[in-house]
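In: structure for the following, please:
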Amino acid sequence: MEINLIAETFKFLILGMSTVFMFLILLVYVLQIQSKIIMKFFPQKSVAENAGGKVARAKSTDNLAVVAAIAATLKTYKK
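Out: Numbers count the residues shown, from 1 in each chain. As a prediction, the model looks like this:
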């Protein structure tokens, strides 16, 4: 009884890779459907609707906070 191990290896390779590929395709479609359902029941509010003029100030404050965090990290790293 002779078993061709190379052929068996390729069979398992194809089986395993196709299983993972099909799972990933299924996952993509399920996430797209989930996104559509969520957006239907919980739509995003527009930025202009929420904050008006507060958005520009919040962005500049966020930018300053990021710059300060980067500067502090560099200062700590150089020590």
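In: after the helix or strand of the chain with the lowest mean pLDDT, which helix or strand is next?
Out: Scoring the helices and strands of the chain by mean pLDDT, DSSP states H and E places helix 47-50 at the bottom, with a mean of 56. Stepping forward along the backbone from helix 47-50, the first helix or strand reached (DSSP states H and E) is helix 54-78.
In: what's the mean pLDDT across that following helix?
Out: Averaging the model's pLDDT scores along helix 54-78 yields 80.
In: how about it: buried residues?
Out: Neighbour counts over helix 54-78 (16 or more other Cβ atoms under 10 Å) mark no residue as buried. All C-beta spots, glycine's among them, are computed from the backbone N, C-alpha and C.
In: for it, what is the distance to the chain centroid?
Out: The chain centroid and the centroid of helix 54-78 are separated by 24 Å, computed with Cα atoms, centre = their mean, to the nearest Å.
In: list the helices and strands it packs on?
Out: In this structure, helix 54-78 makes packing contacts with no helix or strand, judged by 3 or more Cβ pairs under 8 Å, 6 or more residues apart in numbering; DSSP states H and E.
In: export stretch 13-24 as CSV, just CAs?
Out: Taking Å, rounded to 0.1, in the frame of the first residue of the first chain, the C-alpha atoms of stretch 13-24 are listed here in CSV:
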residue,chain,number,x,y,z
LEU,A,13,-3.2,22.5,1.4
ILE,A,14,-6.0,23.2,-1.1
LEU,A,15,-8.7,22.1,1.3
GLY,A,16,-7.3,24.3,4.1
MET,A,17,-6.7,27.4,2.0
SER,A,18,-10.1,27.2,0.3
THR,A,19,-11.8,26.8,3.7
VAL,A,20,-10.1,29.9,5.0
PHE,A,21,-10.8,31.8,1.8
MET,A,22,-14.5,31.0,1.9
PHE,A,23,-14.7,31.9,5.6
LEU,A,24,-13.1,35.3,4.8
